[in-house]
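S.K.: based on what follows, work out the 3D shape:
(one chain, ligands or ions: 1)
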Amino acid sequence: MSKQFKFSLFVLCFLFLFLRSTVFVFSEKIKSNNKLSVIQNKNKNIEIFEIEKEIKDKMERIKELEKQDEIYKRNIEIKKVQQMTLNNELDILGTKIDVVSNAIERTELKIKQVNLEIQDAELKILRQEARIEEAKENVGEFIRIIYHLDQKNPLEILLLNNSISDYFNQIKFVKNLEYQMQKVLDKLQIDRQIIKEEKKILEEQELKLENLKKDHKEKQIDLEEQEENKNFFLKETKNSESKFQELLLAVKKEQEQANAEIISLEKELREKLKKELEKEKETIFIWPVPKNTITAEFNDPTYIFRKYFSHNAIDIRAGQSTPIVAAASGYIGKVKNAGMKYSYILIIHNNGFSTVYGHTSKSYVKDGDYVNQGQIIGLSGGMPGTPGAGRYSTGPHLHFEIHLNGNVVNPTKYLP
Ligand SMILES: [Zn+2]
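M.R.: Sure thing, here's the model as predicted:
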């Protein structure tokens, strides 16, 4: 054997061993990479499963509370048509408190639920990102293997294999690699799409969470007001039925007086201001205080004085001393400053409209003034025992009436 031939044989043997081991190392590396991420993703899957179970529990509890809420509301329906006794009214007020407490609990559960959903989406994103990373690594390995094999010409590869069948096995191996790589690439596309969708869900949930938190705050205020409402009646009536009936009559008188006053004033002033009012073309209303929860609706069926008069307005939640603006331009018909009794401001508008702002604690206008829409006319009130609140206000709010041709109409139909 010549030296040259020996050397060539040695090089070929070396190349053969090197190539085989490289292919082996690469494919083992892919396998071990995959094993590691399989474990990591398995942990994430368990976490996701547990979170989703918790979400389901919360949803079930919300459903139970919704059923309870229906029962409360049915009870109010039954009670409100019964005789107006103090006990009956206190029952209604108590159930109204239950309704709000129930709504608060549901909101709290929904907040927890959304927080869990956010966690769920974040974990799913992490899982997909890990899958993409893994796929990227695999593709890299595949390319490296194929590149190495591609560097050899068929004769070389044939020489590197023990037999013809090994050679064909190697071709099969490369074909299989290509097929595997395509599969990984396809999955990569799907994983990227899933991430996109999860991120969208995440954004939506974060917005939902913000709204729920706002809603929760509102309901807390609502609960406080409802409790104050009940306490007001307990304090005013000292738990005596006759005192309750007395209060109802006093309130009835106060309300009738105010209504009669408003109706006659409106008639008189509209006639007087006819020419001026006609200069105003359309009458479009804006909210007299910042748009907020309506705490007593127009003709509210659970209104405590419903037997004597229906609630001819909407009560808009407004903190004590919130600036009140003219809902539309017009002339001040009346500024009633009644001391500790019920105070109000009346504005006469064109097209047969007038508006009343009740329980005012302060006024900045006087009878006959012209006011532009949006102009501040006074401050809201309603806190029991404060100027302008009157006998039947149980908490800070604006009592807002709209009259059309002498009749009260539902303000929500006219407000934006
Ligand atoms: Zn009211």
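S.K.: switch to C-alpha atoms for all contacts and neighbour counts from now on
M.R.: Noted.
S.K.: report the secondary structure state of the residue in the chain that the ion sits nearest to.
M.R.: The nearest approach of the chain to the ion comes at residue 399, 4.2 Å away (C-alpha to the ion). Recorded secondary structure, residue 399: strand (DSSP: H, G, I helix; E, B strand; the rest coil).
S.K.: can you report how many residues lie near it?
M.R.: Look at residue 399: counted by other C-alpha atoms under 10 Å, it has 26 neighbours.
S.K.: pretty sure it contacts residue 315?
M.R.: Yes: under the criterion of C-alpha atoms under 8 Å, residue 399 makes contact with residue 315 at 4.5 Å.
S.K.: and residue 347, what element?
M.R.: Assigned by DSSP states H and E, residue 347 belongs to strand 344-348.
S.K.: partners of the very next helix or strand once past that strand in the sheet?
M.R.: For strand 344-348, the following helix or strand on the C-terminal side (DSSP H and E) is strand 353-358. With DSSP bridges as the criterion, the sheet partners recorded for strand 353-358 are strand 344-348 (antiparallel), strand 397-404 (antiparallel).
S.K.: report the rounded mean pLDDT for the helix or strand hosting residue 324.
M.R.: Using DSSP H and E, residue 324 falls within strand 323-325. Strand 323-325 carries an average pLDDT of 98.
S.K.: can you give the contact residues for that strand?
M.R.: Defining contact as C-alpha atoms under 8 Å, 6 or more residues apart in numbering, one finds that strand 323-325 is touched by 287, 288, 289, 373, 374, 375, 376, 377, 378, 379, 380.
S.K.: distance of residue 90 relative to residue 79?
M.R.: Applying C-alpha to C-alpha, to the nearest Å, the value for residue 90 to residue 79 is 10 Å.
S.K.: show me the two of the contacts of strand 323-325 that sit farthest apart.
M.R.: 373 and 380 (17.1 Å; C-alpha to C-alpha).
S.K.: ok, these two, which is more surrounded?
M.R.: residue 380 (29 against 17).
S.K.: is it true that that one touches residue 345?
M.R.: No: the criterion here is C-alpha under 8 Å, and residue 380 misses it with residue 345 at 10.6 Å.
S.K.: between the two, which contacts overlap?
M.R.: Common neighbours of residue 380 and residue 345 (C-alpha under 8 Å, 6+ apart) are 358, 360.
S.K.: just the helices in the stretch 251-400 of the chain please.
M.R.: 274-278 (DSSP state H, counting those that start in this stretch).
S.K.: residues from it in reach of the ion?
M.R.: 315, 399 (C-alpha under 5 Å from the ion).
S.K.: so where is the stretch 251-400 of the chain shaky, pLDDT-wise?
M.R.: Scanning the stretch 251-400 of the chain with the threshold set as pLDDT under 70 gives 307.
S.K.: mind redoing it with 80?
M.R.: When residues are selected by pLDDT under 80, those of the stretch 251-400 of the chain lie in 273-281, 301-310, 384-385, 391-394.
S.K.: let me know the pLDDT of the closest residue to residue 394 other than its chain neighbours.
M.R.: Excluding the flanking residues, the one nearest residue 394 by C-alpha to C-alpha, 6 or more residues apart in numbering is residue 229, at 5.2 Å. pLDDT for residue 229: 81.
S.K.: I'd guessed residue 229 sits against residue 395; true?
M.R.: Yes: Residue 229 lies in contact with residue 395 (C-alpha under 8 Å); the separation is 7.2 Å.
S.K.: which helices and strands does the helix or strand harbouring residue 208 pack with?
M.R.: Residue 208 belongs to helix 164-237 when assigned by DSSP H and E. Helix 164-237 makes packing contacts with helix 86-150, helix 154-160, helix 241-272 when contacts are defined by 3 or more C-alpha pairs under 8 Å, 6 or more residues apart in numbering; DSSP states H and E.
S.K.: and it with helix 241-272, angle?
M.R.: 100 degrees (axes from the mean of the first three to the mean of the last three C-alpha atoms, to 10 degrees).
S.K.: now helix 164-237 against helix 86-150, angle please.
M.R.: 160 degrees.
S.K.: check contacts around the residue lying closest to residue 325 once chain neighbours are set aside.
M.R.: Computed as C-alpha to C-alpha, 6+ apart, the closest residue to residue 325 that is not its neighbour in sequence is residue 376, at 4.2 Å. Residue 376 makes contact with 323, 324, 325, 326, 364, according to C-alpha under 8 Å, 6+ apart.
S.K.: of those, which is the most crowded?
M.R.: residue 326 (27 neighbours).
S.K.: list the residues that contact that one.
M.R.: With C-alpha under 8 Å, 6+ apart, residue 326 has these contacts: 288, 347, 371, 372, 373, 374, 375, 376, 377.
S.K.: of those residues, grab the buried ones for PyMOL.
M.R.: In PyMOL, this line selects whichever of the contacts of residue 326 come out buried by 16 or more other C-alpha atoms under 10 Å:
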select buried, resi 288+347+371+373+374+375+376+377
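S.K.: strands - which of the contacts of residue 326 land there?
M.R.: 347, 371, 376, 377 (DSSP state E).
S.K.: where's the third one relative to residue 368, distance?
M.R.: From residue 376 across to residue 368, the span is 15 Å (C-alpha to C-alpha).
S.K.: now the first one
M.R.: Here the criterion is C-alpha to C-alpha. By it, residue 347 lies 9 Å from residue 368.
S.K.: what's the neighbour count on residue 57?
M.R.: 13.
S.K.: distance of the residue nearest to residue 414 when sequence neighbours are not counted from residue 195?
M.R.: In this structure, residue 414 finds its nearest non-sequential neighbour in residue 285, 6.4 Å apart by C-alpha to C-alpha, 6+ apart. Using C-alpha to C-alpha, residue 285 is found at 47 Å from residue 195.
S.K.: for residue 151, same thing?
M.R.: Using C-alpha to C-alpha, residue 151 is found at 38 Å from residue 195.
S.K.: these two: who's more crowded?
M.R.: Neighbour totals were compared for residue 151 and residue 195, and residue 195 leads with 20 against 10 (other C-alpha under 10 Å).
S.K.: quick one: the more buried one and residue 130 touch, right?
M.R.: No: the criterion here is C-alpha under 8 Å, and residue 195 misses it with residue 130 at 11.0 Å.
S.K.: per-domain residue ranges of this structure.
M.R.: Domains of the chain are assigned by automatic domain parsing as 13-235, 242-413.
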